[in-house]
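Enquirer: Here's a sequence, model it:
(chains A and B)
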Amino acid sequence: MKPAPFDYAAARDLDHALALFGEAEGEAKYIAGGQTLGPMLNLRLSQPDRLIDLGRIDALRDARSEGDRVVFGAGVRHAEIEDGLLPDPSGGLMPQAAARLAYRAIRNRGTLGGSLVHADPAAEWPNILLALDATVHLRGLAGAREVRLGDFQLGYLTTDLAPDEIVASISIPVLGPTARWGYHKLCRQPGEFAQSLAVTVVFGPGRVRCVLGCAGPVPLLLKAVSALAGGVSGWRDDVRTEIAAALETDLSAAGIAVDAVDLRAHAATVARSMKDALA
Amino acid sequence: MIRREIALEVNGRSVHASVEPRQSLADYLRDGLDLTATHLGCEHGVCGACTLLLDGEPVRGCITLAVAAEGRRVDTLEAFDEDPLMNLLRQAFSEHHGLQCGFCTPGMLLMARDIILSDRVASDAELRVALSGNICRCTGYAGILRAISAAREAWQARPHAATGPA
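Expert: Numbers count the residues shown, from 1 in each chain, chains lettered A, B, ... in the order given. Take a look at the predicted model:
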């Protein structure tokens, strides 16, 4: 199908983008890489009156180290992360995940910020960046603010972002030299959205963040599983039973019911991510 | 009807056009410039038939807006008539049953060329993953994978291979 008609304006910088939004009549929508909004437009699931293109804003393509954090412009592309062209706060986690995110032709256009804004709980960045404890920096007509990613994702495909707001950058703490991580994505065809996706980051002794995607409306920070991982030293195969029990505790606390097949899948991806992080 | 003036480079020549903002780059190339090697399959970014190069990188032509290509360089399969690597790929696709109906072939060829030149793929297993964003409904992929492997070997074995792309 073809999109419904819309007006189009390319923004020079963030202030220009906000001005274009402010003056727009009807529904205005920002577009960056367009790898999610593009299909939604073609399928007419989204029918905005005006598109404001953020793709030409150089500041959004920047990535730099700032002290103990790396700050990514929201327009950084998955392929740039995959190719190791940018500073990496994650000790290799982000490049490895990027290489299995959709397909190269998609990764050449799709952006880090776009993925977070779309907020699909089965997508890579909302889960991985939650495990890395990222913060998003927003710009809107009312000014700038920052939100921890855990508070940004409110529900399925739903974020704290106001219609006029733009994710300007994403700030990620740099993992220390002793940090470890494990990541596992389960999907039938390479590149498709995950059936289950888990990432475990061990920041230091007793400090673990284990996140599970695909099970609920938002990426789930698994408290019981993280506590379990923080309490064991090294990996033992018999810890799988405890992981499954802790996972059920976390899902139950989040009010999420999954069937037996999905529970097995989630327990497996969580265990594999934890094994790689602890082994 | 809303229209926008755009200027871009297509297959090495400058092009000026008036397009509707909603028109995809793939539709503009086909309908505006009669460059019909770029095929449209699913039209929502899944099948890969519309793969073309934007500033040298493979992208989906069906979910790239023509207006967003303002000032950019676009290359379609038509640009590669004399390209030595593309000629190796064409020959290999012919020899190894890399196509049947041919609908997916332009996207396959452009993706295969990028895979070989980028050197991201070391094994046959990785090649399968790298090609997973391009759907073929005829061949079962085995012939396509054989063809790309054969072309890659021929490309790497060519004289002066160590000096980089010809």
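
Enquirer: so which strand or helix has the nearest residue to B:H44 once chain neighbours are set aside?
Expert: In space, and not counting its chain neighbours, B:H44 is closest to A:P39: 3.7 Å by C-beta to C-beta, 6 or more residues apart in numbering or on different chains. All C-beta atoms are positioned from the backbone trio N, CA, C, and that covers glycine. A:P39 belongs to helix A:37-42 when assigned by DSSP states H and E.

Enquirer: can I assume A:A198 sits in a strand?
Expert: Yes - counting by DSSP: H, G, I helix; E, B strand; the rest coil, A:A198 falls inside a strand.

Enquirer: Residues of chain B that sit close to chain A?
Expert: Residues of chain B lying near chain A by C-beta under 8 Å from any C-beta of the partner chain: B:1-2, B:4, B:20-24, B:27, B:43-46, B:48, B:51, B:54, B:57-60, B:62-65, B:67-68, B:70, B:111, B:114-115, B:120, B:128-130, B:132-134.

Enquirer: Please parse chain B into its domains.
Expert: Domain assignment for chain B by automatic domain parsing gives B:4-79, B:82-163.

Enquirer: so how far is stretch A:149-159 from its chain's centroid?
Expert: Centre-to-centre, stretch A:149-159 and its host chain are 10 Å apart (C-alpha atoms, centre = their mean, to the nearest Å).

Enquirer: show me the residues around the residue nearest to B:H44 that make contact.
Expert: When contacts are counted by C-beta atoms under 8 Å, 6 or more residues apart in numbering or on different chains, A:P39 touches B:H44, B:G45, B:V46, B:I63.

Enquirer: Look at the third one and tell me its secondary structure.
Expert: B:V46 carries the three-state label coil when classified by three-state DSSP.

Enquirer: What's the local residue count around residue 60?
Expert: Here I'm looking at chain A. By other C-beta atoms under 10 Å in any protein chain shown, 25 other residues sit near A:L60.

Enquirer: meant chain B actually
Expert: B:R60 has 32 nearby residues by other C-beta under 10 Å.

Enquirer: Go ahead and confirm A:L212 touches A:A224.
Expert: No - contact status for A:L212 versus A:A224: not in contact, 11.5 Å apart, counting by C-beta atoms under 8 Å.

Enquirer: Skipping adjacent residues, who's closest to residue 161 in space?
Expert: Assuming you mean chain A. In this structure, A:L161 finds its nearest non-sequential neighbour in A:V117, 6.1 Å apart by C-beta to C-beta, 6+ apart.

Enquirer: wrong one, chain B
Expert: Residue nearest to B:A161 in three dimensions, not counting chain neighbours: B:W155, with 7.2 Å by C-beta to C-beta, 6+ apart.

Enquirer: Over to B:S24?
Expert: B:C62 (5.3 Å).

Enquirer: and that neighbour, backbone torsions?
Expert: Per-residue torsions, B:C62: phi -80, psi -20 (degrees, to the nearest 10).

Enquirer: Enumerate every residue touching it.
Expert: B:C62 neighbours (C-beta under 8 Å, 6+ apart): A:G38, A:N42, B:S24, B:A26, B:L40, B:G41, B:C42, B:E43, B:H44, B:G45, B:C50.

Enquirer: Widest-spaced pair of these?
Expert: Pairwise distances across these (C-beta to C-beta) peak at 14.6 Å, for the pair A:G38 and B:G41.

Enquirer: Spatially central residue in chain B, please.
Expert: Central residue of chain B (C-alpha atoms, centre = their mean): B:L110, 2.8 Å from the mean position.

Enquirer: Now that residue: which helix or strand?
Expert: Per DSSP H and E, B:L110 falls inside helix B:105-118.

Enquirer: Which strands and helices lie in contact with that helix?
Expert: Judged by 3 or more C-beta pairs under 8 Å, 6 or more residues apart in numbering or on different chains; DSSP states H and E, the packing partners of helix B:105-118 are helix A:104-107, strand B:51-54, strand B:57-60, helix B:84-95, helix B:124-130, helix B:142-156.

Enquirer: Please repeat the previous calculation with a cut-off of 6 Å.
Expert: Applying 3 or more C-beta pairs under 6 Å, 6 or more residues apart in numbering or on different chains; DSSP states H and E, one finds that helix B:105-118 contacts strand B:51-54, strand B:57-60, helix B:84-95, helix B:142-156.

Enquirer: So what touches it?
Expert: If you take C-beta atoms under 6 Å, 6 or more residues apart in numbering or on different chains as the criterion, helix B:105-118 is touched by B:37, B:39, B:48-49, B:51, B:58, B:77, B:85-86, B:89, B:99, B:121, B:130, B:134, B:144, B:148, B:152, B:155, B:165.
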